[in-house]
Structure formats: C-alpha cells, structure tokens
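> From the sequence below, what's the structure:
(chains A and B)
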Amino acid sequence: DAEITQSPRHKITETGRQVTLACHQTWNHNNMFWYRQDLGHGLRLIHYSYGVQDTNKGEVSDGYSVSRSNTEDLPLTLESAASSQTSVYFCASSDLGTDTQYFGPGTRLTVL
Amino acid sequence: AQSVTQLDSHVSVSEGTPVLLRCNYSSSYSPSLFWYVQHPNKGLQLLLKYTSAATLVKGINGFEAEFKKSETSFHLTKPSAHMSDAAEYFCVVSEGGATNKLIFGTGTLLAVQP
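Numbers count the residues shown, from 1 in each chain, chains lettered A, B, ... in the order given. Below is the predicted model of the structure:
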C-alpha cells in the first residue's frame, strides 16, 4: 500500500546544530507539505513543493529550508536549531489538482 | 482570505451520547472543507470532505458534517460517542485556487467519559 513515512520519529538535539527531518511518500504525489504543530496553533505551514525542483515558503518558514530532488522525498532542514523550534513536525502530500492531503505519523523534535 | 474557527477547544461527552464539534468558516467563495482527526501520538487522518456535491457529508466511523452556507458553519456530529472517538479534531478549509494549501483550525479535544 502507498504510504508516507517520516524519520526519525523522535529527535533530541542541541541549540545551534543542523537537523534534517526526512519525509518519503510512495503515493507518487506531486505536492508535498511540511507543517509544525504547537499547542493552541493547530498546524502551520512551513514549506511546500508542487514538484521536483519547486519549493515555496509557508507562513512560518524562517529558520527552515527544503529541497526537492525527486518526487518521493522532501527533507526539512533546520539550519541552526533554536529552542523555539521544539515542536511536532508533520509531512503531507496530495495529488496534482486536489487539495486532499495525506499525513505522515510526525516527528517530535526537542531542541535543548 | 480563508479561515476557520473552532468554537470549543475542549468537549467532553459520555459514551453513548451525541457528539457536536463546532466549526465556522470564512471564505470569499464556495470552499472545500475538511475534518481531520488526530489520535494521541498519531498523524492526522481524513474524516470527511465537503466539495459542494451535497451539503450533508458522511465520513468514517459514523461521523458526518453539514455545510450551512447561511450560517457559514461546518459542524461535525456523531449520534453516539464511543471511547475510541477520544482524539483531537481539526476543521480545515482549502485556501483555494491552484494552491492546494490547507488552513487549519486550532483543534477541539474530545474526551469521552465511560
């Protein structure tokens, strides 16, 4: 069955370190999204991509970057982790022309 | 701009009683609206989606939602709560156009008492 996976599921890191969170989908979806989930805020969009070599900033993109070198993967990089980036991160994907998104299981990131 | 407001951050019901989770939306056009559910320490699962085909939308696990344009509401209901329904529920609106982006409400945490 097609799915979307994230790794690692849990990560503890220190302030100032670079961290990369992986997202891999086997749906063959063109669109991929990264969100962060914080209490009282729901999910907020960090970055998104509509296809290979395409990336766009969401509403909370400062301190994050993404790259899309193939259809299946959209890794999220925190260039220099900050305590404010402690959160749960979700990756999602959707097919071309549809707004229904399918979510991965999430990565809980703690920045000490 | 599109937005959603979930009117209750916490709802508590007894097992076997009805569930009502309230959501109001704001949109300049006829939007796509969704309800997603998140069980503890899990990802988000699509419950149902409204796309203007029918105002009453049936979803998984006995949930349904009614689109009311005059009230700009999209409330989620279930006739009889089950313990397994305890989770966080998100009302979501599509940003529209060709963006395929979603805008999330802040969530309603549903507790089900035995």
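
> Do you have the strands of the chain handy? List them.
Here I'm looking at chain A. Assignment of strands within chain A using DSSP state E yields the ranges A:4-7, A:10-13, A:19-25, A:31-38, A:42-51, A:54-57, A:64-66, A:76-78, A:87-94, A:102-103, A:107-111.

> that's the other chain; I wanted chain B
B:3-6, B:10-14, B:19-21, B:23-26, B:33-38, B:44-50, B:56-58, B:64-68, B:73-78, B:87-94, B:102-104, B:108-113.

> Run through who's touching the first one.
Which is strand B:3-6. Residues outside strand B:3-6 that contact it (C-beta atoms under 8 Å, 6 or more residues apart in numbering or on different chains): B:21-26, B:33, B:74, B:89-93, B:103-108. Quick note: C-beta positions are derived from backbone N, CA and C, even for glycine.

> For A:F33, list each beta-bridge partner.
A:Y48, A:A92 (DSSP bridges).

> For the residue most central in space within chain A, which residues are in contact?
In chain A, the residue lying closest to the centroid (C-alpha atoms, centre = their mean) is A:W34, at 3.1 Å. Neighbouring residues of A:W34 by C-beta under 8 Å, 6+ apart: A:23, A:45-48, A:58, A:64, A:66, A:74, A:76, A:89-92.

> Next up, the contacts around the residue nearest to it when sequence neighbours are not counted.
Excluding its sequence neighbours, the residue lying closest to A:W34 (C-beta to C-beta, 6 or more residues apart in numbering or on different chains) is A:I46, at 4.4 Å. By C-beta under 8 Å, 6+ apart, A:I46 lies in contact with A:W34, A:Y35, A:R36, A:G58, A:V60, A:S61, A:Y64, A:V66, A:L76, A:Y89.

> Kindly recompute the last result at 6 Å.
Residues in contact with A:I46 (C-beta atoms under 6 Å, 6 or more residues apart in numbering or on different chains) are A:W34, A:R36, A:G58, A:V60, A:S61, A:Y64.

> Right, I'll leave it there.
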